[in-house]
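Participant: A structural model of the following input is requested.
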Amino acid sequence: MAERSEVYQTLDLALRIGEVLLSSGAGAADVTATMLAVTDSCGVRQVSADVTFVDLALRHQPTSDEPDAIQMRRVNRRPVDYADLIEVNRTVDDLVAFDAMTVMGFKDRAGFDAWKQALKDPETLRVIREDEAKFLDSERTRLFVVESHGGLQAVE
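Facilitator: Modelled structure (predicted):
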């Protein structure tokens with residue numbers, strides 16, 4: 001488990017990265033996924049993120065016995081500084097170090113829940129794991145759930 005000061009430093013780094021991305025026009029889902037990937041790669045788990053048009057928030061609570069660590073940042077729109085954006089992308093690439101990302105979309109929460117339920121079937125899971133072994137490093141695989149509330153339409 002990360003020390004409290006390391007948690008705060010990690011949340012601050014992720015929020016700074018999120019700020020550059022959001023102010024550069026990145027979508028809320030991309031900003032959320034990136035911030036969660038950064039916190040995860042820094043060893044801070046059980047983090048939740050909230051991204052709006054102008055606010056970023058990260059919350060970490062490792063156990064129900066401990067108080068939350070919450071950090072927020074207000075994003076002021078400014079002209080895109082491409083040098084900053086390039087540096088942020090390099091930093092994220094170095095931290096997260098992945099070469100592929102899969103995005104799965106569900107029409108609604110029920111569809112997502114049905115997918116999770118299907119993964120509980122041992123035969124289904126065996127087939128998926130067998131296929132994934134051909135192209136994924138399971139030790140480095142991460143799953144982030146990003147919810148979108150309003151503004152986006154489901155693709156049929």
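Participant: and the residue positioned nearest the centre of the chain, what pLDDT?
Facilitator: Against the mean C-alpha coordinate of the chain, by CA atoms, centre = their mean, the closest residue is A33 at 2.5 Å. Here the pLDDT value assigned to A33 is 91.
Participant: just the buried positions in the helix or strand harbouring it, please.
Facilitator: Secondary structure from DSSP states H and E places A33 in helix 28-41. Residues of helix 28-41 classed as buried: 28, 30-41 (neighbour count, 16 or more other CB atoms under 10 Å). The C-beta positions use only the backbone N, C-alpha and C, and glycine is treated the same way.
Participant: export the residues you listed to a markdown table and tack on distance to F112?
Facilitator: Converted to a markdown table, the buried residues of helix 28-41 look like this (distance: CB to CB, whole Å):
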| residue | distance to F112 |
| --- | --- |
| A28 | 18 |
| D30 | 19 |
| V31 | 20 |
| T32 | 16 |
| A33 | 16 |
| T34 | 21 |
| M35 | 21 |
| L36 | 17 |
| A37 | 20 |
| V38 | 24 |
| T39 | 22 |
| D40 | 20 |
| S41 | 24 |
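Participant: and those residues, which is closest to L125?
Facilitator: Using CB to CB, D40 comes nearest to L125 of the buried residues of helix 28-41, at 22.4 Å.
Participant: in this structure that closest one contacts V47, no?
Facilitator: Yes: using CB atoms under 8 Å, D40 is in contact with V47, at 7.4 Å.
Participant: who touches the helix or strand bottoming out on mean pLDDT in the chain?
Facilitator: Among the helices and strands of the chain, helix 82-96 carries the lowest confidence by mean pLDDT, DSSP states H and E, at a mean of 81. Helix 82-96 has contacts (CB atoms under 8 Å, 6 or more residues apart in numbering) with I17, V20, L21, S24, T34, A37, V38, S41, C42.
Participant: kindly recompute the last result at 10 Å.
Facilitator: 13-14, 16-21, 23-26, 34-35, 37-42, 81, 98-99, 140, 142 (CB atoms under 10 Å, 6 or more residues apart in numbering).
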